[in-house]
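> Got a predicted model here, sequence first, then my questions.
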Amino acid sequence: MTTTPYWLGGKTELAVPAATRRGETDVTIIGAGVTGLSCALTLARGGMAVRVVDTRGVAAGASGRNGGFALRGGTPAYDEAVASLGREHAQGLWRLTETAFARMLELGGDAFRRVGSIRLAASDDELEAIEREYAALTADGFVVERVARLEPPLDRLYAGAIHHPGDAGFNPAVWMERLAAHAVEAGAEIVADTVNPEALPEGTVVIAVDAHTSKLLPELADAVQPARGQMLATAPLPAVRYGVPYYARDGYDYWQQLPDGTLLVGGCRDHAFAAEASADDDVTSTVQSGIERLLVNLVGRAPTITHRWSGAWGETLDRLPLCGPVPGRGGVWVAGGYSGHGNILGFACGELIGKALLGDVRRELRLFDPRRPSLSQRA
């Protein structure tokens, strides 16, 4: 059962301005999600002729099927990033997403609600983990706040929380329509077409399909593997209790409530890891039942459910994205493997590749190098 995400509001696809480019194309981008459009915008503004190709259209994948969380940083908590990458690289990663998000806010306007996000601890061990993240962030000068008191029913469900005031909730459909419009206005062409994995377009090509990376680059099948996140949405509830993005159990549960009272809840992928290692946009009874139980805990009853959907992303072993030239493939670049944290990182990586192709190679590309050893140690 393939489902339509809540964000489309009854539409079958996003509204994207038509644009036709005549003549030669300098760069072909495969994938019209946040990464592909970010890269296209950067290149087009830099004077390059750009064509974006996607079989399903703009934001048909995870960029339009996610939970609407704009979280800075990477998938590992900040203290974990410091331990695994070193303080300099961890700081650089966090600042990369902060500067990228600032540009997203300029481009997306009121598609974003900068209300912060709350990380909850579902156990004493997780409470210790968020305290470690709080200490590491404050030590390096990043703004984070302890939540002094949780309101019911969270006070009986969770052991504590921290607040990231710089994060946001957003509407993926509105954001992606605006990003696509900016790219087209800058001169990029966006077309719906199929791509033959055996014969990629000639010249410079950027592969930006995240969960589907191995379909076009089979040599990266072990480096980037698909994972699916399922969600549901309720009819508007009388009171808005959860007006910011919340996440708990290391991100396996997440939810936010929109100003009209609609509650969006997702997660529970750990209820069926094997089945959720999939790039299909389907929902399953096992995971949806888990989300429904979470929903009842949050609301105190079983409200009307109006939408069920899913979106797939790419996972890497070290939980950092791939962003750079593909080894052994002259002229081919890849960006993906955001490990569920691609709403800001995906935009940032699109910009990094676009700038590199324009001659401005940023130091962050070394951190995301597709040739790094930590990608090849999967059992």
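Cool, got the structure. Since we're looking at a predicted model, the values are computed, not measured.
> can you map out the helices along the stretch 151-300 of the chain?
Using DSSP state H, counting those that start in this stretch, the helices found in the stretch 151-300 of the chain span residues 154-157, 172-186, 213-216, 273-276, 285-299.
> Of these, which is nearest Leu127?
Closest approach to Leu127 among these is made by helix 154-157 (12.8 Å; Cβ to Cβ). (Each C-beta comes from the backbone N, C-alpha and C, glycine too.)
> gap between the residue nearest to the spatial centre of the chain and Asp360?
The residue lying closest to the centre of the chain (Cα atoms, centre = their mean) is Gly342, at 2.4 Å. Distance, Gly342 to Asp360, by Cβ to Cβ, to the nearest Å: 22 Å.
> do the same with Ala15
In terms of Cβ to Cβ, Ala15 sits 32 Å off from Asp360.
> can you check Arg149 too?
From Arg149 over to Asp360 the distance is 47 Å, taken as Cβ to Cβ.
> Between the two, which is the more surrounded one?
Asp360 (12 against 8; other Cβ atoms under 10 Å).
> Can you show me the strands along the stretch 251-379 of the chain?
All strands of the stretch 251-379 of the chain, identified by DSSP state E, counting those that start in this stretch, fall at 253-257, 263-267, 305-315, 322-325, 332-336.
> circling back: relative to Pro165, which of the helices of the stretch 151-300 of the chain is closest?
helix 154-157 (18.1 Å).
> hang on, the earlier thing: looking at the strands of the stretch 251-379 of the chain, which is buried most?
Neighbour counts (mean count of other Cβ atoms under 10 Å) averaged over each of the strands of the stretch 251-379 of the chain peak at strand 332-336, with a mean of 28.
> partner strands of it, parallel or antiparallel?
Strand 332-336 has the following strand partners under DSSP bridges: strand 204-207 (parallel), strand 322-325 (antiparallel).
> mind putting the ones you listed in CSV, distance to Pro373 and mean pLDDT included?
Shown next, in CSV, are those (distance: least, Cβ to Cβ, whole Å; pLDDT from 0 to 100):
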stretch, distance to Pro373, mean pLDDT
strand 204-207, 21, 98
strand 322-325, 13, 97
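> Dump these to JSON lines, plus distance to Thr35.
Output for the strands paired with strand 332-336, formatted as JSON lines (distance: least, Cβ to Cβ, whole Å):
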{"stretch": "strand 204-207", "distance to Thr35": "8"}
{"stretch": "strand 322-325", "distance to Thr35": "9"}
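> Nearest to Arg45, out of these?
strand 204-207 (15.5 Å).
> List the contacts of the closest one.
Identification of contacts with strand 204-207 by Cβ atoms under 8 Å, 6 or more residues apart in numbering yields 26-31, 36, 39, 213, 216-217, 326, 331-336, 353, 357.
> How far does that strand sit from its chain's centre?
From the chain centre to the centre of strand 204-207 is a distance of 20 Å (Cα atoms, centre = their mean, to the nearest Å).
> Okay then, goodbye and thanks.
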